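Q: generate a structure from the sequence data that follows.
(2 chains)
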Amino acid sequence: MRNQEIAAIFYKVADILDAQGVKWEPIAYRKAARSLESLPQPIEDVYAEGGKAKLMEIEGIGNAMSDHIEEILKTNKLKKLIELKKTIPEGVLQMMQIEGLGPKKAMILFKKLKIKSLPDLKKAIKDQKIRKLEGFGEKTEQNITANIEMYEKGHERVSLGNALPVAESIVEKLKKLKEVDQIMIGGSARRGKETVGDIDILVASNKPQKVMDEFTTMSSVERVLGKGPTKSTVVLKNNLQVDVRIIKKETWGGAAQYFTGNVEHNVVMRKIAIAKGWKLSEYGLVDNKTGRMVAGKSEEDVYNKLGLQMPPPEIRENSGEIELAKKHQLPKLVELRDIRGDLHTHTNWSDGTSSIENMISTAQKMGYEYIALTDHSKSDTVAHGMDEKRLEKYIEEVRKIAKHYPKIHVLVGSEVYIHQDGHLDYSDDVLKKLDIVVASIHRAFKMPKDLMTKRIINMLENKNVDIFGHPTTRIVNVRAPIEFDTKHVFQVAADRGVVMEVDGGPDRLDLKDTHIREAISEGCKISIDSDAHDTNQLRFMKYGVITARRGWATPKDIVNTWKFNDLAKVFRKL
DNA sequence: GCCGTTTTCGGCCCGACTGTTTTCAGTCG
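A: Modelled structure (predicted):
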């Protein structure tokens, strides 16, 4: 999957062109880059399938871009970027990453003061040289200083699992103000994106001053980047950036619409509005001639007036949803309340911390019809994996305790390690004793792609395997996914009836959105699991559902939305 | 550089906040 790699190259080209003052071209490169990022299939597959012509079918990819992609796939580099890099020092591009320093200001610093690196910049600030430049001043100098510090602290996007609880706590806090009429989380957090750059919060209020005062003085605030009556931005002590936008109740829907879709989605929406003689902004849909609001009280109004069905927030990323919305054929995505059970959990028999009994009773309290306990197999020694002897006892113990919980079906299973040649950690005879087998990779991540694919295919050939657990093994922001031929694996899995997992652990979210869509289109069934290691973590199901929604999954694709009796259709031993 | 039942050339989403300016450019999302 080289989509991200090529996107990164295009972003770089855009930055340099921006610095050179080139108009429009940077926009085209960024658009192409984003289009690649959200592409469900690997770009090399698209190219292999239909060459340049097929590439050009992708939104934002034209003649030049498809040539570029071809060049990168074949030679691993882009001549255009190499040439462009000669015109501007790398350090100046780095300077542009600093908040408040855009292409214009960075180039002034480079041209007038010969600043070409971050150390140069710090020295010039110390010598008070910057404040003397036209368009700069003392305040700008101070801001750059603070923002360099922020940049050096790290500017990585935060995982959804870390961002969402923070966002929710701010919402809870502001909700208590009587000045707040309505409040919601917007932006990429509402779309459930696996990482979040900053948190957007929308507030409907007629007294913005009070709300903004409360927001910017919260104890968790490190620095206030901006404060106005409709928009304020702060950086929290944990380095998360949070925006609050305040609007009037009358335009709530317009704002919710505007602050949820990604850029591409919103651009297409505005174009549809323009074609009808209207203008779309956070203040709703407005008639150009009369200046009157056509729609804006609710999000649904905005979409409907434009002739569209309202897409769920998670898929508002211009990856096909608008075309289907026009035809009123949007899929009905899976919801948390559709989930009837959890098929991948751990107890204190391996590396979990809750007892078998507590896991079962909590699952029952959550209203589940079934739960599978799937502790680790013998080779996963760090996770206290069980050898055959302990496994026997485990099976016995679970069966015994399950008798006290007749209202919930309890499955005994195991998360079994997949060795490098694809054979499993327990023999077939042992696996047959289990109700359900989740097969997972827990080490030897860095095998060559063809060998890794073979490892997985061999595992899929084993009749005792029910679910392929967290297939790519990535840890968000920490560990890269393993490499394998996803299309081939999904095809074989669909054929063999092995279910692909969406691990809801917020650090994993694996499969990820684009892979889920690919797997479903290849005919795979999906299981959304919490991979809980204690009773609280059973709630991770929520993140799995959000991710599955981003992968356009519907209840029929998700086996654990099915009734218990229907599970036997996919799980051979039930 | 991309794209098109308004266009194959001439557009390219829209608005808020800041700081430096006395009306606006730059930056951001």
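Q: quick check: closest non-adjacent residue to the residue of the stretch 201-350 of chain A found nearest DNA strand B.
A: Residue nearest to DNA strand B within the stretch 201-350 of chain A: residue A:228 (2.2 Å; Cβ to the nearest atom of the strand). Every residue, glycine included, has its C-beta placed from N, CA and C. Among residues not flanking residue A:228 along the chain, residue A:212 sits closest, at 7.7 Å (Cβ to Cβ, 6 or more residues apart in numbering).
Q: and that neighbour, that's in a strand?
A: No - counting by DSSP: H, G, I helix; E, B strand; the rest coil, residue A:212 falls outside a strand, being helix.
Q: circling back to that earlier point, what number of residues lie near the residue of the stretch 201-350 of chain A closest to DNA strand B?
A: Residue A:228: 10 surrounding residues under other Cβ atoms under 10 Å.
Q: I'd like to know how many residues surround residue A:262.
A: Using other Cβ under 10 Å, residue A:262 has 17 neighbouring residues.
Q: phi and psi next, for it.
A: Geometry field for residue A:262 lists phi and psi as phi -80, psi 180, criterion degrees, to the nearest 10.
Q: so residue A:307 makes contact with residue A:326?
A: Yes - here residue A:307 lies in contact with residue A:326, judged by Cβ atoms under 8 Å, at a distance of 6.5 Å.
Q: quick one, which of these two is more surrounded?
A: residue A:326 (14 against 11).
Q: what's the spacing between the closest residue to the more buried one other than its chain neighbours and residue A:299?
A: For residue A:326, ignoring the flanking residues on the chain, the nearest one in space by Cβ to Cβ, 6+ apart is residue A:308 at 6.0 Å. Distance, residue A:308 to residue A:299, by Cβ to Cβ, to the nearest Å: 11 Å.
Q: helix, strand or coil for the closest residue to DNA strand B within the stretch 401-550 of chain A?
A: When distances are taken as Cβ to the nearest atom of the strand, the stretch 401-550 of chain A reaches nearest to DNA strand B at residue A:477, 18.1 Å away. Following three-state DSSP, the label given to residue A:477 is coil.
Q: for it, which residues are in contact?
A: A:156, A:157, A:158, A:159, A:195 (Cβ atoms under 8 Å, 6 or more residues apart in numbering).
Q: doesn't residue A:164 make contact with the last one?
A: To tie it back to what came earlier, the one meant is residue A:195. No - in this structure residue A:195 lies outside contact range of residue A:164 using Cβ under 8 Å: 11.3 Å.
Q: what is the neighbour count of residue A:106?
A: Residue A:106 has 25 neighbouring residues, counting by other Cβ under 10 Å.
Q: where does it sit, in terms of helix or strand?
A: Assigned by DSSP states H and E, residue A:106 falls within helix A:103-113.
Q: need the pLDDT of residue A:420.
A: As predicted, residue A:420 sits at a pLDDT of 95.
Q: circling back: pLDDT score for the residue of the stretch 401-550 of chain A closest to DNA strand B?
A: pLDDT recorded at residue A:477 is 79.
Q: the one 5 residues further on now?
A: Model confidence at residue A:482, given as pLDDT, is 92.
Q: so who does it touch?
A: Contacts of residue A:482 by Cβ under 8 Å, 6+ apart are A:441, A:445, A:446, A:447, A:452, A:472, A:473, A:474.
Q: for my notes, confirm the fourth one occurs in a strand.
A: No - following the definition three-state DSSP, residue A:447 is coil and is not counted among the residues of a strand.
Q: surely it touches residue A:455?
A: Yes - look at residue A:447 against residue A:455 with Cβ under 8 Å: they come within range, at 6.7 Å.
Q: okay, and the common contacts of the two?
A: Common contact partners of residue A:447 and residue A:455 (Cβ under 8 Å, 6+ apart): residue A:420.
Q: please identify which of the two sits among more neighbours.
A: Ranked by neighbour count (other Cβ under 10 Å), residue A:447 and residue A:455 place residue A:455 first, with 21 against 16.
Q: ranges for the strands of the stretch 401-550 of chain A?
A: Here the stretch 401-550 of chain A has its strands, by DSSP state E, counting those that start in this stretch, at A:409-417, A:436-440, A:467-468, A:499-503, A:526-529.
Q: winner for burial among those?
A: Most buried of the strands of the stretch 401-550 of chain A, by mean neighbour count (mean count of other Cβ atoms under 10 Å): strand A:526-529, with a mean of 30.
Q: which strand or helix spans residue A:4?
A: Residue A:4 is located in helix A:3-19, with elements delineated by DSSP H and E.
Q: could you check the angle helix A:3-19 makes with the helix holding residue A:106?
A: 60 degrees (axes from the mean of the first three to the mean of the last three Cα atoms, to 10 degrees).
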